[in-house]
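In: Kindly generate the corresponding structure for this input.
(one chain, ligands or ions: 3)
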Amino acid sequence: MKAIRWSLERSSLVALFVTTLGVFICTRFFYISLMDTKCQVFTPEACSGSTRNLETGPEAMYIPLNCSMGELSGTCPANYYLSQVSAEAPSSCPDYFSWIYEDLSPWRETGITREMVMKARRTANFRLVVVDGKAYVERYSKSFQSRDSFTLWGILQLLRRYPAKLPDLDLMFDCGTLPVIMKDTFRASNYPAPPPVFAYCGNDSTMDILFPDWSFWGWPEIRIKPWQLLSKELKEGNTRTRWTDREPYAYWKGNPNVAATRMDLLKCNVSDKQDWNARVYAQNWGLELKNGYKQSDLASQCIHRFKIYIEGVAWSASQKYIMACDSVTLLVKPIFHEFFTRSLMPLKHYWPIKDEDKCRSIKHAAQAVGKAASSFILDDLKMDYIYDYMFHLLSEYAKLLKYKPTVPEKASELCSELLACRAKGLEKKFMVDSLVGPASTQPCTMPPPYSPAYLHSVIERKDNGMKQVDTWEREYWKKS
Ligand SMILES: *[C@@H]1O[C@H](CO)[C@@H](O)[C@H](O)[C@H]1NC(C)=O
Ligand SMILES: *[C@@H]1O[C@H](CO)[C@@H](O)[C@H](O)[C@H]1NC(C)=O
Ligand SMILES: *[C@@H]1O[C@H](CO)[C@@H](O)[C@H](O)[C@H]1NC(C)=O
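Out: Ligands and ions are numbered 1, 2, ... in the order given. From the prediction side, this is the model:
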């Protein structure tokens, strides 16, 4: 299995903006030149919704790991979850939570049977069963790197955060890079419903159920901290350089060898003959490792006005880091999506770059675009919402189960202690750093499902945004 490679910035990664900074930016804002209409396209939406506190909500109480038992006997300490915590009333979830209904729609009519779940075992790395608020895991195969451990860690933190709130459930998780359930294979004419597989990404021809990837809890192999901590550092880094003081280039750094489209991007690099306003660099992880990752330090600031996001083998975990930066994201038209990225809109959250004409697209963007806000990533993708997304996804999934989950014979109980007490080095550090206690608020309330008409309008708006940019681009190249 291939690693996901990604374009981790040398000196950047930055920035969640603080609310006040966001408002400040919004008022001064954006499109420096060209048409006023573009400014209106970018401004109002980018500025809305930025009044909430970006910090993670307070936890009701801190419960340390109890390693006195787990480490020695391999069992979980008794009573490691509180049974109930009183909590404040909920707020409403961000819009992208509605995709939960879409992802689960293949089973809306049929429900999910034990047979369907067992069919999903074929590619799964582990099976997770929750019974009476406790997690039981049966591992089938080791994942690449520590993906499986950190995904399980995330689920265990969810159980600590909302003790006794999650329904009983039974699921198969595939930690691979590519989605596995093809729509074509599981046509309704032959199958009542596909095997339900939880995975990290999908595309228009797949039906995997999308779950937040491990990197939200940390990625020790390449020293990416848990999102909770990283986002705080980024927020600070972002305030260091004003947008107008940044390098007027579109920056990318990553491993080009994993995808043809990335190799193609290299052609847009500056040369003696041509300057497309792109500065692209090949990431050498071997060298970084030798040099102690000094070149990929995420705590430093964004120094370019534009950052390019381009897919590798599939989705890339770098997207949230790139978009959190206080720069305009130039997004090369992707094929794959993560759980939250289907709600990203061209001109609102990013500037679209044509896959088949990258260099000219980038050059045009660098000339035309001012500054864009990244409030979606900063606000709607904070850790509280990651847990709430998992909570609602698993709760909705559990509602579809046609049987009462029981603990499988070969599964054993898993708790935070069993994972973290034995872990070593950065793995241990990241787990301890991302440990959570019971929340002092209820999970947010779900938005209603998208109606078919609304879903259609989302697609249309996306199309229109891209067409608009295409028109601007054509005009620009005609004139020059
Ligand atoms: C840790 O777990 C053990 C075994 O369940 C228990 O006896 C002990 O009191 C716990 N320690 C703390 C600090 O909770
Ligand atoms: C979507 O993902 C599947 C499964 O990994 C892959 O075979 C397919 O080529 C992808 N679709 C596109 C359009 O690339
Ligand atoms: C792109 O150009 C810059 C500046 O000349 C250079 O340092 C860099 O190595 C080039 N990138 C690649 C992938 O060749």
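
In: My guess is P256 contacts A282. True?
Out: Yes. With contacts counted by C-beta atoms under 8 Å, P256 reaches A282, the gap being 5.5 Å. All C-beta atoms are positioned from the backbone trio N, CA, C, and that covers glycine.

In: Now do the shared contacts for these two.
Out: Listed as contacting both P256 and A282 by C-beta atoms under 8 Å, 6 or more residues apart in numbering are L266.

In: pLDDT below threshold where in the stretch 51-200 of the chain?
Out: 51-61, 69-73, 83-85 (pLDDT under 70).

In: try 90 this time
Out: 51-91, 164, 186-192 (pLDDT under 90).

In: Mind checking what secondary structure the one residue in it that gets nearest to ligand 3 has?
Out: Ligand 3 sits closest to T177 of the stretch 51-200 of the chain, with a gap of 23.0 Å, by C-beta to the nearest ligand atom. Per DSSP: H, G, I helix; E, B strand; the rest coil, the secondary structure class of T177 is coil.

In: if I look at it, how far off is A368?
Out: T177 is 34 Å from A368, where distance means C-beta to C-beta, to the nearest Å.

In: more crowded one of these two?
Out: Between T177 and A368, counted using other C-beta atoms under 10 Å, T177 has the larger neighbour count: 22 against 18.

In: Could you check how far the more buried one is from A78?
Out: For T177 relative to A78 (C-beta to C-beta), the value is 39 Å.

In: Was I right to think the residue of the stretch 51-200 of the chain closest to ligand 3 contacts A314?
Out: Yes. Counting by C-beta under 8 Å, T177 does reach A314; the two are 5.0 Å apart.

In: For this structure, which residues are neighbours of ligand 3?
Out: L266, N269, V270, V280, Y281, A282 (C-beta under 6 Å from any ligand atom).

In: In the residues you listed, which residue is surrounded by the most others?
Out: Most surrounded of the residues of the chain next to ligand 3: other C-beta under 10 Å gives V280, at 23 neighbours.

In: Tell me the bridge partners for that one.
Out: V280 forms beta bridges with W252, as assigned by DSSP bridges.

In: Any figure for the gap between it and L104?
Out: In terms of C-beta to C-beta, V280 sits 39 Å off from L104.

In: how far away is the residue in the stretch 201-350 of the chain that ligand 1 sits nearest to from ligand 3?
Out: When distances are taken as C-beta to the nearest ligand atom, the stretch 201-350 of the chain reaches nearest to ligand 1 at W217, 23.3 Å away. Distance, W217 to ligand 3, by C-beta to the nearest ligand atom, to the nearest Å: 31 Å.

In: residue contacts, that residue?
Out: F150, T151, W153, G154, Q157, P226, W227, F430, M431, S434.

In: Now the residue in the stretch 201-350 of the chain that ligand 2 sits nearest to. Its backbone dihedrals?
Out: Scanning the stretch 201-350 of the chain for the residue nearest ligand 2 gives N203, at 3.7 Å (criterion: C-beta to the nearest ligand atom). Backbone geometry at N203, expressed as degrees, to the nearest 10, gives phi -140, psi -180.

In: tell me the contacts of it?
Out: Per C-beta under 8 Å, 6+ apart, neighbours of N203: P179, I335, F336, H337.

In: wait, doesn't the first one sit right on G202?
Out: By that I understand P179. Yes. Counting by C-beta under 8 Å, P179 touches G202, with 4.6 Å between them.

In: joint contacts of the two?
Out: D208, F336.

In: okay, now the domains of the protein?
Out: For the chain, automatic domain parsing gives the domain ranges 19-49+230-380, 67-219+383-453.

In: Tabulate the ones you listed (JSON lines), appending distance to K462.
Out: As requested, the domains of the chain are exported to JSON lines (distance: least, C-beta to C-beta, whole Å):
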{"stretch": "domain 19-49+230-380", "distance to K462": "6"}
{"stretch": "domain 67-219+383-453", "distance to K462": "12"}
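
In: by contact count, what packs against the host helix or strand of Y101?
Out: Using DSSP states H and E, Y101 sits within helix 99-104. In terms of contacts (3 or more C-beta pairs under 8 Å, 6 or more residues apart in numbering; DSSP states H and E), helix 99-104 is packed against strand 209-210, helix 383-400.

In: Please name the residues that touch the nearest residue to P194 once chain neighbours are set aside.
Out: Nearest residue to P194 in three dimensions, chain neighbours excluded: F186, at 3.8 Å (C-beta to C-beta, 6 or more residues apart in numbering). Residues near F186 by C-beta under 8 Å, 6+ apart: P106, A193, P194, P195, M207.

In: and P443, what element?
Out: Using DSSP H and E, no helix or strand contains P443.

In: again with G237
Out: helix 227-238.

In: tilt between that helix and helix 383-400?
Out: Put simply, helix 227-238 runs at 150 degrees to helix 383-400, going by axes from the mean of the first three to the mean of the last three C-alpha atoms, to 10 degrees.

In: if we can go back for a sec, closest one of the residues of the chain next to ligand 3 to Y454?
Out: V280 (37.7 Å; C-beta to C-beta).

In: What does the pLDDT read for that closest one?
Out: At V280, the model reports a pLDDT of 93.

In: The one 10 residues further on too?
Out: According to the predicted model, the pLDDT of K290 comes to 75.

In: Around it, count how many other residues there are.
Out: For K290, the count of nearby residues is 9 (other C-beta under 10 Å).

In: again with D355
Out: 16.

In: In this structure, spot the helix with the most residues.
Out: For the chain, the helix with the greatest residue count under DSSP state H is helix 452-479.

In: Which residues are in contact with the residue in the chain that ligand 3 sits nearest to?
Out: Using C-beta to the nearest ligand atom, the closest approach of the chain to ligand 3 is made by N269 at 3.7 Å. Applying C-beta under 8 Å, 6+ apart, we find N269 in contact with W276, A278, R279, V280.

In: What's the PyMOL syntax to select whichever of the contacts of N203 are buried?
Out: Under the burial definition 16 or more other C-beta atoms under 10 Å, those of those that qualify are selected in PyMOL by:
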select buried, resi 179+336+337
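
In: is the residue of the chain closest to ligand 3 in a bridge, and if so with what?
Out: Following DSSP bridges, N269 is listed with bridge partners A278.

In: Flag the shaky bits of the stretch 201-350 of the chain, pLDDT-wise.
Out: For the stretch 201-350 of the chain (pLDDT under 90), the answer is 221-224, 230-248, 253-255, 258, 282-307, 312-329, 343-350.
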